[in-house]
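[1] Mind folding the following:
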Amino acid sequence: TRLPAGWGGLCGLRPTHGLIDLTGVYPRAASLDTVGVLARSVRDIALLLHVIVDPPLLYALEQPSPAGKRRIGVFPDLVEAKAGRKTALRYEAAMRRWESLGAACVPVDFPLLDAPAVGEAVNTVRSFEFARDVARDVEKHPRLGRMHPVPLTDYRNGQSIAPETYEAARRYGAGLTQEVEALFTRHALDWLCLPVAFHTAPPVDSPPETFAAGRALVNLFSITGMPTLVVPGWTEGDGLPLGVQLVGPRLSERLLLDAGIAYEDRYGPFPLPRLDG
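    Okay, the predicted model is just below:
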């Protein structure tokens, strides 16, 4: 949800893990999977969420408090170091937009955000669960060799991961959840704001390593199950969009959606691409 939205100029919501019933959803990684929502506007996402979430659970979501200025954790040094100065300047402009809406942007240092160990844990969990859950379907399929290289790599890797390695990755993920929750508490943050990736969308035939690098800024919130709302950000030098993701504590979807609606009321949706050549 997050990368398709951020790389495609759309809005997207990856809800809290467990918020939406997964009955009938084909597994990609059982302990990480969610039902995401993609739309042209945050308001459309809010409408869709009312349809697909059980009403009792929806009304139990965190209610935004009207008191006080919202505090957003931001990562300008990380973005400049990993994505370059031009992207960092665009990111800073996005932060100024949130400040124009009355929020306070708080620079945060959080090395776990793109730590290689986090990506390795996500890869381990995703690959092991994918290979475990789809083997029966995959092995009998006559076109196995034509699977997209990203899931095919996960499938092949998952076949060689030992159960104890998988369980260690799950335990590591539980500890990461506590670390992120402590980050919100320590800095009194309402949400985090950062690009969905350090670069724009790669060509579909890029090697798996390119797509793996593209997940660097979403891996942590995949394994911790935090809700993430993506809104349009800016266009990079290659003419492709790069969205901004807002990450909140578990079950803070209402807060995220209210923020996103206020943002698009002020700045509008990402402009549609020209189709006349």
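[2] Where does the prediction get shaky in the stretch 101-250 of the chain?
    142, 144-145 (pLDDT under 70).
[3] 90 instead, please
    In the predicted model, the stretch 101-250 of the chain carries pLDDT under 90 at residues 134-156, 204-213, 235-239.
[4] can you pull out the helices in it?
    116-139, 149-158, 163-186, 208-214, 219-224 (DSSP state H, counting those that start in this stretch).
[5] any chance of those helices in a markdown table, with distance to Gly24 and mean neighbour count too?
    C-beta coordinates here come from the backbone N, C-alpha and C atoms, glycine included. Putting the helices of the stretch 101-250 of the chain into a markdown table (distance: least, CB to CB, whole Å; neighbours: other CB atoms under 10 Å) gives the following:
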| stretch | distance to Gly24 | mean neighbour count |
| --- | --- | --- |
| helix 116-139 | 14 | 18 |
| helix 149-158 | 19 | 17 |
| helix 163-186 | 24 | 14 |
| helix 208-214 | 26 | 15 |
| helix 219-224 | 21 | 25 |
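[6] export those helices to CSV and tack on distance to Arg97?
    As requested, the helices of the stretch 101-250 of the chain are exported to CSV (distance: least, CB to CB, whole Å):
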stretch, distance to Arg97
helix 116-139, 28
helix 149-158, 33
helix 163-186, 22
helix 208-214, 24
helix 219-224, 22
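[7] out of these, nearest to Lys86?
    helix 208-214 (18.1 Å; CB to CB).
[8] Out of the helices of the stretch 101-250 of the chain, which gets nearest to Val53?
    It is, among the helices of the stretch 101-250 of the chain and with distance given as CB to CB, helix 219-224, at 19.0 Å.
[9] so what's the closest residue to Phe75 other than its chain neighbours up against?
    In space, Phe75 comes closest to Leu194 once its chain neighbours are excluded; the distance is 5.2 Å by CB to CB, 6 or more residues apart in numbering. The neighbourhood of Leu194, defined by CB atoms under 8 Å, 6 or more residues apart in numbering, consists of Val74, Phe75, Leu78, Val79, Tyr91, Leu113, Leu217, Val244, Gln245, Val247.
[10] In strands, which of these appear?
    Using DSSP state E, the subset of the contacts of Leu194 located in strands is Val74, Val244, Gln245, Val247.
[11] The last one reaches Gly225, doesn't it?
    No. At 11.0 Å, Val247 does not count as touching Gly225 under the criterion of CB atoms under 8 Å.
[12] who's more crowded, these two?
    Using other CB atoms under 10 Å as the criterion, Val247 and Gly225 rank with Val247 on top: 27 against 19.
[13] For that one, give the beta-bridge partners.
    Leu192, Thr228 (DSSP bridges).
[14] For it, give its distance to Glu209.
    25 Å (CB to CB, to the nearest Å).
[15] I'd like the ones in strands among the contacts of Leu194 laid out as TSV, including distance to Ala259.
    Listed next are these as TSV, based on distance: CB to CB, whole Å:
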residue	distance to Ala259
Val74	14
Val244	11
Gln245	12
Val247	11
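[16] Which of the residues you listed sits closest to Thr23?
    For the ones in strands among the contacts of Leu194, the nearest to Thr23 is Val247 (26.4 Å; CB to CB).
[17] Distance of the closest one relative to Pro227?
    7 Å.
[18] Same check on Gly239?
    On the measure of CB to CB, Gly239 and Pro227 end up 30 Å apart.
[19] now Arg14
    7 Å.
[20] Give me the more crowded residue out of the two.
    Comparing Arg14 with Pro227 by neighbour count (other CB under 10 Å), the higher total belongs to Pro227, at 27 against 24.
[21] what's near enough to touch the more buried one?
    Leu13, Arg14, Pro15, Thr16, Leu19, Val247, Gly248, Arg250, Leu251, Ser252, Glu253, Leu256.
[22] Mind checking which of those residues are in strands?
    Going by DSSP E, the strands hold Leu13, Arg14, Val247 from these.
[23] so the first one touches Thr228, yeah?
    Yes. Under the criterion of CB under 8 Å, Leu13 lies in contact with Thr228, with a separation of 7.3 Å.
[24] so what sits against both of these two?
    Thr1, Leu256.
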